[in-house]
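Asks: Here is the input, now give the coordinates:
(chains A and B)
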Amino acid sequence: MTNLDVKRTAKLFIGGAFPRSESGRTYEVFDKNKNFVANVALASRKDARDSVVAARGAFSKWSEATAYNRGQVLYRISEMMQGRFDQFVEELSLWNKNKSQVKNEVQVAIDKMVWFAGWTDKLAMVTGSNNPVAGPFFDFSVPEPTGVVAAVSGKEQPLLNLVKTIGSIILSGNTCIVIASKTQPLTAVSLAEVIATSDVPAGVVNILTGDYEEIAPWLATHMDVNAFDLTGVNDRKLALSLEKDCASNLKRVIRPNTKIDDLTRIKSFLETKTVWHPRGF
Amino acid sequence: MVFEYAPAPESTKIVDLKNNYQLFIGGKFVKSNGGKTYKTINPATEEVLAEIIEASQKDVDLAVKSARKAFKTWSGLTGSQRGKYLFRLARIIQERSRELAVLESMNNGKPIRESRDIDIPLVAAHFFHYAGWADKLDHAGLGKNPSPLGVAGQIIPWNFPLLMLSWKIAPALAAGNTVVLKPAETTPLTALLFAEICQQAELPDGVVNIVTGAGETGKYLVEHPDIDKIAFTGSTEVGRLIAQSVAGTNKKVTLELGGKAANIVFDDAAMDQAVEGVVNGIFFNQGHVCCAGSRLLLQESISDNFLDLLYQRMKTLRLGDPLDKNTDVGAINSSSQLQKIRELAESGTKEGAQMWSAPCEIPNKGFWFAPTVFTNVSLSHRIAREEIFGPVLSVLTFRTPDEAIEKANNIPYGLSAGIWTEKGSRILEVAHRLRAGVIWANTFNKFDPTSPFGGYKESGYGREGGRHGLEPYLKAGK
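Replies: Okay, here's the model as predicted:
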């Protein structure tokens, strides 16, 4: 008799832990051929709000970490991803039968995380400045993280998009709540497991599976969320209402269908702080 | 010892006021299409200065069309050509600076000392700075060959009328955009004089369009479908409406909104400098400053001593005729703003704070509010949370640096903050932990065209000034 497989329960990732949805709900996920794949946690409003609390709680420690340290942690994520290469390929293959495309996506995603890792201690050099003001002052500008960022990750190439979303947000010291692709959530669950074993402090990355249509409005109106990446919101009407909701506390917004390069994406979640001090004896 | 000052008023002869002003569209002053008119006044005397048009939707549409038409040619010029136009503007502003300063003080109520020594020189400096950027856009941080966005709709406040115009127009034009600018309802005059300066500089028609009016005119501009970019400086309340209004469009937005800056004084601060800085922080420009140091956070051990020094200093502030060269505190810009300040000051007393005002003689005419300090303020008081936008200082105390930072950050705004201490490491640590876009350490309310300015959180997004100030007017190069 062959040994019976131990299957994984696909759960949420909140505050460094893997809870089921507080609502107790799950939904069934099917592969391309409509075969049952797994019961995945269907996140609720409460899960979203818990994630914001976790992300806010993690912000000061993560943003205070040295850029060198954040770079190492992000690089560690890519190491862990490489170790799970085959698993990611297998999961993506459930929905994409083109093996070479799938392998390419995984490798590009890993390389992208390496690229992000290298940015942490370059950002202040590239986006900061020493300002030659007309007076006896030392004056400089430095980038700082915006705070807690919510995101709906793109549906196509779910792993690569998730990596782009998370990496571009957290490399500068932000923390995030990401709603993963509903139909292809397995790579998100696996990436959460990668992150949980990469020395990323608990709460820096929170990953929710389920309907963004249901959860995103709670995040868009949440007063303790500072920015919202709407890239993965396909429904125009919903995108419009989410962007309007984001005005409640003037969240920084990336609109859906915005074609931006990855550095501009990184800069979308930065604030510039300018400091003046007089010179003199 | 008290020195008596003889009146030293600046002459208004240098200003050539017209009875009524038209809109500036397509390089010409034109009549309105159905817009109403209103009177703009001198807030220090309540005298009518001129009649101004409240631009209609049709007017705004014509202005946008004219900017769109000019965009092709303007963005097609070489950067160095565009730069030379901006250098010309900077020079003419310098040449006509006295006239601009007097007119600014007449229409706004700010002391001539300030408009002459701070506002107008900074306006010229701003154009000069961005003039030099026009042919160096490859170095703006957006890759090779970044492109302009198109037509920018710009809406500015009444507290620094011409300075805010320069913050908006100079970077937009340097990057190759054309603009439609709406000055504030109560302070349109220097913007209209700037329109004349554009003519003198032979700026191509339609590159700068100026439409006067109030909120409705601004709304037409924000909602116009052919606008690519909105730049707004004003209240957080209106900023929110703009953010909602542009939702679902491709319009880019920068918002420079309200603030409630903490000015933190530690026990080792150089006292006299700190007192001077606190006075400058809140009473500069009558407190009509979004980044004003309106919350004084005093370390408990020095609080009584510091307040004594502050009151002494405030007793010497001279309130009165904005055109008098000895005036420190000018007029409140409008009667509605005065109402707002009074209402908030009353709430302070009602909620249990203690009010002290400098003993100033208040002129019979015009809008005035004496420099005022509230003590016994708690974090939940309205005067500790809401932007008063007037010469009113709320004083809170703290014991430890952590408490000061906590109190400073405990507000939805994040525009600016001040730190007063002689300890270098403390300055850097506090500056690092304050969630605000501009931190002044052992100084306050300093501005420079090379220095990025803008807020965190509900104080808005985007930066103005320096290389950072170009980015909101450019698309990344391919």
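Asks: Show me what from the stretch 251-400 of chain B comes close to chain A.
Replies: Residues of the stretch 251-400 of chain B lying close to chain A (C-beta under 8 Å from any C-beta of the partner chain) are B:Leu255, B:Leu257. To be clear about C-beta, it is placed using only N, CA and C from the backbone, and glycine gets the same treatment.
Asks: Measure how buried the residue of the stretch 251-400 of chain B found nearest chain A is and give me the count.
Replies: When distances are taken as C-beta to the nearest C-beta, the stretch 251-400 of chain B reaches nearest to chain A at B:Leu255, 6.9 Å away. Neighbours of B:Leu255 under the rule other C-beta atoms under 10 Å in any protein chain shown: 24.
Asks: Okay, helices next: where are they in the stretch 251-400 of chain B?
Replies: Using DSSP state H, counting those that start in this stretch, the helices of the stretch 251-400 of chain B run over residues B:271-283, B:303-315, B:335-350, B:382-385.
Asks: Ignore what I typed, I meant chain A.
Replies: A:45-64, A:67-83, A:85-93, A:99-119, A:123-127, A:158-170, A:186-196, A:212-220, A:236-246, A:262-267 (DSSP state H).
Asks: highest average neighbour count across these?
Replies: helix A:158-170 (a mean of 26; mean count of other C-beta atoms under 10 Å in any protein chain shown).
Asks: what's that one packed up against?
Replies: helix A:67-83, helix A:85-93, helix A:99-119, strand A:148-152, strand A:175-179, helix A:186-196, strand A:205-208, helix A:262-267 (3 or more C-beta pairs under 8 Å, 6 or more residues apart in numbering or on different chains; DSSP states H and E).
Asks: Tell me the gap between the fourth one and the middle of its chain.
Replies: Between the mean C-alpha point of strand A:148-152 and the mean C-alpha point of its chain there is a distance of 7 Å (C-alpha atoms, centre = their mean, to the nearest Å).
Asks: Say whether chain B is contacted by it.
Replies: No - Strand A:148-152 stays clear of chain B (C-beta under 8 Å from any C-beta), getting no nearer than 11.4 Å.
Asks: Spatially nearest residue to B:Val238 (excluding sequence neighbours)?
Replies: B:Phe232 (7.1 Å; C-beta to C-beta, 6 or more residues apart in numbering or on different chains).
Asks: hmm, I was thinking of B:Leu309
Replies: B:Val275 is the one closest to B:Leu309 (C-beta to C-beta, 6+ apart), at 4.8 Å.
Asks: Let me see the contact set for the one you found.
Replies: Counting by C-beta atoms under 8 Å, 6 or more residues apart in numbering or on different chains, B:Val275 touches B:Phe306, B:Leu309, B:Leu310, B:Arg313.
Asks: Next, the contact list for the third one, please.
Replies: Neighbour list for B:Leu310: B:Val275, B:Val278, B:Val279, B:Val373 [criterion: C-beta under 8 Å, 6+ apart].
Asks: how about 10 Å then?
Replies: B:265, B:271, B:274-276, B:278-279, B:296, B:298, B:356, B:373, B:393, B:395 (C-beta atoms under 10 Å, 6 or more residues apart in numbering or on different chains).
Asks: OK, now which residue of the stretch 1-150 of chain A is nearest to chain B?
Replies: For the stretch 1-150 of chain A, C-beta to the nearest C-beta, closest residue to chain B: A:Val133, 3.8 Å.
Asks: That residue touches A:Val275, doesn't it?
Replies: No - A:Val133 lies out of contact with A:Val275 (C-beta atoms under 10 Å); the separation is 11.6 Å.
Asks: Which of these two has more residues huddled nearby?
Replies: Neighbour count, other C-beta under 10 Å: between A:Val133 and A:Val275, A:Val275 has more, with 23 against 20.
Asks: The more buried one against B:Asn442, yeah?
Replies: No - here A:Val275 lies out of contact with B:Asn442, judged by C-beta under 10 Å, at a distance of 11.0 Å.
Asks: which residues do the two both contact?
Replies: Common neighbours of A:Val275 and B:Asn442, counting by C-beta under 10 Å, 6+ apart, are A:Phe137, B:Ile419, B:Ile427.
Asks: Tell me what the first one is bridged to.
Replies: Following DSSP bridges, A:Phe137 is listed with bridge partners A:Pro278.
Asks: tally of neighbours for it?
Replies: When neighbours are counted by other C-beta under 10 Å, A:Phe137 registers 21.
Asks: swap in the last one?
Replies: For B:Ile427, the neighbour count with other C-beta under 10 Å is 19.
Asks: Provide the backbone phi and psi angles at the closest residue to it other than its chain neighbours.
Replies: Setting aside the residues directly before and after it, B:Ile427 is nearest to B:Ala441 in space (C-beta to C-beta, 6+ apart), at 4.6 Å. Torsion angles at B:Ala441 (phi, psi; degrees, to the nearest 10) stand at phi -110, psi 120.
Asks: Ok, B:Gly418 next?
Replies: phi -130, psi 150.
Asks: isn't it right next to B:Ile439, touching?
Replies: Yes - with contact defined as C-beta under 10 Å, B:Gly418 reaches B:Ile439; the gap is 7.5 Å.
Asks: shared neighbours of those two, which are they?
Replies: Here B:Gly418 and B:Ile439 have A:Trp276, B:Ala261 as joint contacts, going by C-beta under 10 Å, 6+ apart.
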